[in-house]
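S.K.: this one's sequence-less:
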């Protein structure tokens, strides 16, 4: 088979041993790559996940590319990382872009599996077949940007691509991420903390091999067509303003979270809009390898923070901006830079700081407990100070926020759990819950926790195809279809910004076949998506997940939105239950959200049927 | 004013986001409408006023819905582009023309 390198590395960090294993056709056809490979490996390598401390040497850290990485395929140069998450205690998963995936594939590897724990700080160097675990003591304590530069200098070649953790990962901050090429992150689920727990500071890779594809002539023709479509209307929004274009439209729809999700609009939305950002702060627009869209808008802050730069997308902007009551693009740009360099996820960070601000304003957190910081909504300096403390686990406030919003609210108590905006421990992203209710169902049932990237179910809400302020049983099917499709997109792994350019799922299958030479139909590839989703759910079932965990936070049911445009919007519990029932029915799971043996056997998940499946 | 009352005309406020601000070179515009008109008619009228085909930003030349490209909000509600002729617009209503929501890389 082509496209795949056909092999992956397993590095035992405790013993310093390396083993090479094969990727076979069975794996390729049934699990595709990325998400699918990660789900398969995590399920197999952690047979009793409930017993595993995510920050112990017994956890695994798994990196996979997809079959398209390193080829000419449109926007297919992504990689994914998996572990049991220290933030959520369940299936942990993140995806990043840039050059790392193509470089790893060009070095001749589909993926890397880390086990154990290195005795001292180390980094892995992959130079084609030369694999070396090197001392990283001198890098410990360095930011992600410094680490990248120092490794390149040490290895004497700028063409090495580096993915690293910052001080937050070293300190096992539960929100810690992994950064490659300065501005690209495996952001969610705290996988940087797992890397830190293994004393693994970075992975540096350089590859010089060609990645072969099965049918180059047909692929070239197809890619030329796809690239042309990428210049069309479906992706225009990403090219011009990037995702911050969402700010104003979300504000008009009442689905822009502000003040820790107390509201769905922000009175200063114009000041932090994509339109304003393009006029005043965007320094350059860049693209990932092989991407004709170029969505990444890199900002440069002004005034007090002149010189600070960061890549600001909608999620980072909305959570660190309106959700914390911040109306200045300078503060937002600086806040993202702090998160990126010290190494935490901007979404989770903006969410947990917003929660702390609400606690402070309600008198639940005293000024002593915030280490003297006047943590009011809208206080930009307080935001930056809180973020630094969070990243470094510094002081009472930093130690608290470093645990993520679920744990922090459990520690603080006093009713703050009710406005801790998360699901399954993963902080809610910047889509308001009560004014986008199909989206909320999609977030809440996701395998990763409150996840905006696994079903795209917000689309029916914002396209006016459903009543977004209500729920009914039919929404389950919308989420189900979206999840199966997105499981494939995340396994191939292609950028979701290209989803509008594919005319049908048959075209995804065609792309897979042209690259790999493995015959695949649209129906088969969607079935693989369903298999992958169920496999990850089975891992979560073993971690103790069931229906009780598939609900949004209490605020969604108890606090009606005050904003004019969606005044009074709230989720009705009986409607949510009905929609959840509809979702489980489509999935072939029982009323408690456990996959049935019948469904698992239908998907070829025989071992999982035996271990996890229930009778209907 | 008297003529407007006799003809039962009134204004609809149309706001523009993203590229629509550039296309109209403005953040908003007021359009006179009769007491009730369809959203499709409003877009056509807006096109006549602005001098370009506004409808084509929402419905393609082959009748395809441009949902990945653009969206309309009518009084805070997202509009189904497949039913433009069914939505009724009245004086005092607020319409927003925007690029579609982007996200989920």
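M.R.: Everything's here; your move. Please read all numbers here as calculations on a predicted model, not as lab measurements. Numbers count the residues shown, from 1 in each chain, chains lettered A, B, ... in the order given.
S.K.: how far away is residue A:449 from chain B?
M.R.: Distance, residue A:449 to chain B, by C-beta to the nearest C-beta, to the nearest Å: 16 Å. Using the backbone N, CA and C atoms, a C-beta is placed for each residue, glycine as well.
S.K.: again with residue A:355
M.R.: Separation of residue A:355 from chain B (C-beta to the nearest C-beta) stands at 22 Å.
S.K.: for residue 85, which residues are in contact?
M.R.: No chain specified, so I'll use chain A. A:54, A:91-92, A:189-191, A:194, A:425-426, A:448 (C-beta atoms under 8 Å, 6 or more residues apart in numbering or on different chains).
S.K.: other chain: chain B
M.R.: Going by C-beta under 8 Å, 6+ apart, residue B:85 touches B:38-41.
S.K.: same check, this time on residue B:38
M.R.: Neighbour list for residue B:38: B:84-89 [criterion: C-beta under 8 Å, 6+ apart].
S.K.: backbone dihedrals for it, both of them.
M.R.: With angles defined as degrees, to the nearest 10, residue B:38 sits at phi -80, psi 160.
S.K.: pull the contacting residues for the residue lying closest to residue A:88 once chain neighbours are set aside.
M.R.: Leaving aside its chain neighbours, residue A:88 sits nearest to residue A:425 (3.8 Å; criterion: C-beta to C-beta, 6 or more residues apart in numbering or on different chains). Taking C-beta under 8 Å, 6+ apart, we find residue A:425 in contact with A:85, A:87-90, A:404, A:406-407, A:449.
S.K.: switch the cut-off to 6 Å
M.R.: Residue A:425 makes contacts with A:87-88, A:406, A:449, as judged by C-beta atoms under 6 Å, 6 or more residues apart in numbering or on different chains.
S.K.: against residue A:280, how distant is the most centrally placed residue in chain B?
M.R.: Geometric centre of chain B, nearest residue: residue B:43, 4.7 Å, by C-alpha atoms, centre = their mean. Note on residue B:43: its distance to residue A:280, by C-beta to C-beta, to the nearest Å, is 31 Å.
S.K.: check residue A:173 too.
M.R.: Taking C-beta to C-beta, one finds residue A:173 at 32 Å from residue A:280.
S.K.: with neighbour numbers in mind, choose between these two.
M.R.: The residue with more neighbours, out of residue A:173 and residue A:280, is residue A:173; 34 against 13, by other C-beta atoms under 10 Å in any protein chain shown.
S.K.: and residue A:125, what element?
M.R.: Assessed by DSSP states H and E, residue A:125 sits inside strand A:122-127.
S.K.: so which residues make contact with that strand?
M.R.: Contact with strand A:122-127 is made by A:107, A:132-134, A:136, A:201-206, as judged by C-beta under 6 Å, 6+ apart.
S.K.: skip ahead from it and say which helix or strand is next.
M.R.: Downstream of strand A:122-127, the next assigned helix or strand under DSSP H and E is strand A:130-135.
S.K.: ok, which stretches of chain B are helices?
M.R.: With DSSP state H applied, chain B shows helices at B:2-6, B:19-24, B:39-50, listed in chain order.
S.K.: quick one, phi psi at residue A:230?
M.R.: Dihedral pair for residue A:230: phi -70, psi -20, per degrees, to the nearest 10.
S.K.: shouldn't it be in contact with residue A:291?
M.R.: No - checked against C-beta atoms under 6 Å, the pair residue A:230 and residue A:291 is beyond contact range at 8.0 Å.
S.K.: quick check: residues of chain B near chain A?
M.R.: Counting by C-beta under 6 Å from any C-beta of the partner chain, the residues of chain B close to chain A are B:17-18, B:67-69, B:73, B:76, B:78-80, B:96, B:98-99, B:101-105.
S.K.: need the helices of chain B in JSON lines (columns: mean pLDDT).
M.R.: Output for the helices of chain B, formatted as JSON lines (pLDDT from 0 to 100):
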{"stretch": "helix B:2-6", "mean pLDDT": "55"}
{"stretch": "helix B:19-24", "mean pLDDT": "90"}
{"stretch": "helix B:39-50", "mean pLDDT": "94"}
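S.K.: out of those helices, which comes closest to residue A:330?
M.R.: Among the helices of chain B, helix B:19-24 comes nearest to residue A:330, with 22.9 Å by C-beta to C-beta.
S.K.: quick check: buried residues in that closest one?
M.R.: Neighbour counts using 16 or more other C-beta atoms under 10 Å in any protein chain shown place B:19-21, B:24 of helix B:19-24 among the buried residues.
S.K.: and those residues, which is closest to residue A:566?
M.R.: Checking those one by one against residue A:566 (C-beta to C-beta), the nearest turns out to be residue B:20, at 22.2 Å.
S.K.: what comes into contact with stretch A:377-391?
M.R.: With contact meaning C-beta under 6 Å, 6+ apart, stretch A:377-391 is reached by A:168, A:259, A:324-326, A:328, A:331, A:335, A:338, A:342, A:344, A:353, A:357, A:373-375, A:395, A:397-398, A:401-402.
S.K.: in helices, which of those fall?
M.R.: Under the assignment DSSP H, the contacts of stretch A:377-391 contribute A:168, A:331, A:335, A:338, A:342, A:353, A:357, A:395, A:397-398, A:401 to helices.
S.K.: lowest average confidence, helix or strand, in chain B?
M.R.: helix B:2-6 (a mean of 55; mean pLDDT, DSSP states H and E).
S.K.: now stretch A:169-177, how far from the chain's geometric center?
M.R.: Centroid displacement of stretch A:169-177 relative to its chain, using C-alpha atoms, centre = their mean, to the nearest Å, is 15 Å.
S.K.: show the average pLDDT along it.
M.R.: Predicted confidence along stretch A:169-177 averages 98 (mean pLDDT).
S.K.: ok, now stretch A:136-150?
M.R.: Stretch A:136-150 comes out with an average pLDDT of 98.
S.K.: list the buried residues in that stretch.
M.R.: Across stretch A:136-150, burial judged by 16+ other C-beta under 10 Å covers A:136, A:139-140, A:142-145, A:147-148, A:150.
S.K.: flag the shaky bits of chain B, pLDDT-wise.
M.R.: Residues of chain B meeting the criterion pLDDT under 70: B:1-9, B:103-105.
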